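Everything below, folded, please.
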Amino acid sequence: MKSLYLCIEKKNDMNRRIKQVWLLAILSSFLLIGLQTYWLYNSVTYSMGEMGKKNAEKAELAIIAYQTNIGATVKEKSHIGYVVTAYFSDSKLPCTTICSPLDTDTIIGGVVYSKPGFGNVMEKRDTFDLRETDSNNSFDCLNTFITYQLTRFDKAHFDRFISRKLGNDFIGAEMKTGKHRLWQTRIVEPPTLFHHEMLVEVPFNPIQYQSMQMRMQVPMLPILKGMMWQMIGSLLVTIMLLLSIAYLIKVMLLQKKVDKMRSDFVHTMIHELKRPVQTLKMCVSVFSAQKTDEKDENALIMETVREESDNLTAYLAKLREVIRAEEHIPLQITSFDIHAALLNLVAVYRKNRQKEVNVSLDYQRTSDRMMGDRDQLLNVVSNLMENSVKYSGDIVNIHVACRDTEKEEVMISVSDNGIGISPDEQQRVWTKFYRSNAYPDMMQPGIGLGLSFVDMILKAHGGRKMMLSEVGKGTRISIVIPQHS
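Coordinates of the predicted model:
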């Protein structure tokens, strides 16, 4: 036989809930701050990407301007005629371009004609298969090819020219010769939040597989200025969230302090009331011990005083149990004879003097023993039977049943023929100090703690409860206690 010590943790449960609320609030704040940060990060990244595209366009226009400038200079100074023909994907006929000194050559209908009197001009011709692209995007590559056949590429001159065009955004450039022709400008290394530089590759002389890789600076100041109101709004939302969480924690701490004050007050009240009640009971016992006629009026008064003193003592005991149940009171889990205990309870309630109480027991279990805190579980069943007597008519019929469930649990049911509980109140009756307004006799003894105590004991055992009630016909309450091996 094992003894397991479980705690009735109503108050502990409240503390856990407060901690859970704190944890959820803190996690929610971190999550929201994280989402805000993620949103801002994506916004900045998107803005930097757009700025990178604009820089790529600027780089492409700067290259075109450079090549146009160099081409015009070469054409003015060249003494060599150059004819280049290429086949593109969007044209069945070849496309031809020429570079000739003093316009010595001309193109008519795709055929190059030399003007008379210029026969001494040296002439070169090349033909290329460029059907991997179309003439709309790549016709200028013919002029570029001719330009760099007639002159050398001057890197220093290129850097000075591009610096004038792009300003401080230009960092440097490097010629690259690849295995494939590049026809469209592409971004090789996009800018990031922590790296404000980008690398863009622009077609330079595609026919000879040459491209220009240009490293450029992406300024953050314009991006931050454009997002200033977004960042201010995000910061304000975050500050408001943190202030709300701080206020929530402050209120919870205050609530916890008030709850402790309430608990201390109830403990003090119980302690102070126990002494006069015990004194009153002792005096009643002394008077009752004297020889008096049973029909004597004083004897009846003494009996009434004794009963009311017992009622007050029971209320104080129940209130003490409920208050203690909110603290750390261990449950002594043992194996005990539930059959004998129920038989004893049935016998006790059959002796009720104020009403005619008929109690029956239907025990269907194969074993007489079960696991649980014997005293607390018997208090639970006694509370249910006491309510059946209290809220029934002059003739009370109580049926107690005990059986096993399919889930290795013990179910104990208490049924009566009382006034019943309306559907609207079947959840509220488990609340501390709640008493229904539907009771015909509100002078009936009770302070609304019985079922709340039942609920706490069941939760401590890991059990559950079920209620089936109909107004005017009666109530059946079942408790289910899991069995621990």
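
hey, where'd the helices end up in the protein?
Taking DSSP state H to define them, one finds helices in the chain at 10-77, 135-138, 140-150, 155-166, 221-226, 228-289, 297-325, 338-350, 374-390, 450-460.

Mind checking the ones you listed for the one nearest to residue 89?
Minimum separation from residue 89 across these (Cβ to Cβ) falls at helix 135-138, 8.2 Å. Backbone N, C-alpha and C define where each C-beta goes, glycine included.

Now do stretch 364-374, average pLDDT.
For stretch 364-374, mean pLDDT is 91.

Identify each buried residue in stretch 226-245, please.
Neighbour-count burial for stretch 226-245, with 16 or more other Cβ atoms under 10 Å as criterion, is recorded at 234, 241.

For it, list the C-alpha coordinates in PDB.
Extracted C-alpha coordinates of stretch 226-245, given in PDB (Å, rounded to 0.1, in the frame of the first residue of the first chain):
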ATOM      1  CA  GLY A 226      10.900  57.400 -45.900                       C
ATOM      2  CA  MET A 227      10.000  55.000 -43.100                       C
ATOM      3  CA  MET A 228      10.200  57.500 -40.200                       C
ATOM      4  CA  TRP A 229       6.500  57.500 -39.400                       C
ATOM      5  CA  GLN A 230       6.300  53.700 -39.600                       C
ATOM      6  CA  MET A 231       9.100  53.400 -37.100                       C
ATOM      7  CA  ILE A 232       7.600  56.000 -34.800                       C
ATOM      8  CA  GLY A 233       4.200  54.200 -34.900                       C
ATOM      9  CA  SER A 234       5.800  50.900 -34.200                       C
ATOM     10  CA  LEU A 235       7.700  52.300 -31.300                       C
ATOM     11  CA  LEU A 236       4.600  53.900 -29.800                       C
ATOM     12  CA  VAL A 237       2.700  50.600 -30.000                       C
ATOM     13  CA  THR A 238       5.500  48.700 -28.300                       C
ATOM     14  CA  ILE A 239       5.700  51.300 -25.500                       C
ATOM     15  CA  MET A 240       1.900  51.100 -25.000                       C
ATOM     16  CA  LEU A 241       2.100  47.300 -24.900                       C
ATOM     17  CA  LEU A 242       4.800  47.300 -22.300                       C
ATOM     18  CA  LEU A 243       2.900  49.900 -20.100                       C
ATOM     19  CA  SER A 244      -0.200  47.800 -20.300                       C
ATOM     20  CA  ILE A 245       1.700  44.700 -19.200                       C
END
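
Could you number the chain from 5 rather than 1 from now on?
Sure, I'll start numbering at 5, so the last one becomes stretch 230-249.

ok, residues contacting it?
Defining contact as Cβ atoms under 8 Å, 6 or more residues apart in numbering, one finds that stretch 230-249 is touched by 29, 30, 33, 36, 37, 40, 43, 44, 47, 48, 51, 228.

Stretch 371-385 now?
325, 335-346, 349, 404, 414, 416, 418, 457-458, 461-462, 464-465, 483, 485, 487-488.

Quick one: end-to-end distance for it.
19 Å (Cα to Cα, to the nearest Å).

just for the stretch 5-154 of the chain, where's the confidence low?
5-19, 79-85, 104-127, 141-143 (pLDDT under 70).

so for stretch 179-188, what's the average pLDDT?
89.

Identify each buried residue in it, please.
The neighbour-count check on stretch 179-188 (16+ other Cβ under 10 Å) flags 185, 186, 187 as buried.

Just the terminal-to-terminal distance for it.
16 Å.

swap in stretch 433-453?
Length of stretch 433-453, first residue to last, Cα to Cα: 9 Å.

tell me the mean pLDDT over it?
Mean predicted confidence for stretch 433-453 is 65.

for stretch 227-237, same thing?
According to the model, stretch 227-237 has a mean pLDDT of 81.

And stretch 200-218, by the same measure?
Averaging pLDDT along stretch 200-218 yields 91.
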